[in-house]
Structures are given as structure tokens and as C-alpha cells.
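>>> sequence and predicted structure, then a few things I'm wondering about:
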Amino acid sequence: MEAVEYRSVIKLFYLNGQNSTEIHHEMVQVCAEKCPYYSTVTHWVRKFKSGFLSVMDEHREGRPPSVVTEKNVSTVEKLIMQDRRITIKHLRPRSA
């Protein structure tokens, strides 16, 4: 199961009036070793209690999940082809 599916199950049990311990116990019986940790269940129960009822991840600002782009790959490849003895230290972007 995916994280969103686990959260949906936790939300369903929470809305049925079960606490974190009961929810985790039910999930362990069904999912066995693939069950989320108890701390994960309590985290989501706390979020649902505070009024946050979405099971989707919130959008976060900041760095993109990956900096691997065609442009970056081709740039690094060109630098390596020009000087095969180049080091990572020389490939790293300079700080502003």
C-alpha cells in the first residue's frame, strides 16, 4: 500500500472513534510487517484531531526533489570530456 492509502485507513478508523493504539493494532493484524510504525499512526491521528483532514502531502517550498536535468547532465559530461582528471571539487557550483 502507498502512504496515502495508509493515511486513508487511519482517517477512517479515527472517524469511527478509535484511538491510536486501537488503529495500530487493527493495522498490524491486517498489514503485518508492512504496517506503518505506531509513531506514524499517532502523528496522523494528532493531525486529524487538530482539524487537518486531508490525507495528501502538503506542498512545501524549497529545493526541487531532483536537480538531475538534461542541461546539468550535458554540462557535467562536457566538462569531464574536456578534462578526464577533473574532480568533484571542481564540478561543484561555487557559493555566491
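It's in. It should be emphasised that the depicted structure is a prediction, and the values quoted were computed from it without experimental measurement.

>>> what bits of the chain have low per-residue confidence?
Along the chain, segments meeting pLDDT under 70 span 63-66, 94-96.

>>> please repeat the previous calculation with a cut-off of 90.
Residue ranges of the chain with pLDDT under 90: 1-3, 31-34, 52-53, 56-73, 75-76, 79, 84, 86-96.

>>> so where do the helices sit in it?
Using DSSP state H, the helices of the chain run over 3-15, 20-31, 38-49, 70-82, 88-91.

>>> can you list contacts of the fourth one?
By that I understand helix 70-82. The contact list for helix 70-82 (C-beta atoms under 8 Å, 6 or more residues apart in numbering) reads I86, H90, L91. Bear in mind the C-beta positions are built from the backbone N, C-alpha and C, glycine included.

>>> cool, and the last one?
Around helix 88-91, the neighbours that count as contacts under C-beta under 8 Å, 6+ apart are V76, L79.

>>> dump it to PDB, keeping only the CA atoms.
The C-alpha coordinates for helix 88-91 follow below in PDB (Å, rounded to 0.1, in the frame of the first residue of the first chain):
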ATOM      1  CA  ILE A  88      34.100  16.700  -7.800                       C
ATOM      2  CA  LYS A  89      35.500  19.700  -6.100                       C
ATOM      3  CA  HIS A  90      35.900  21.400  -9.500                       C
ATOM      4  CA  LEU A  91      32.400  20.300 -10.600                       C
END
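
>>> distance from that helix to the middle of the chain?
Taking C-alpha atoms, centre = their mean, to the nearest Å, one finds the center of helix 88-91 at 29 Å from the center of the full chain.
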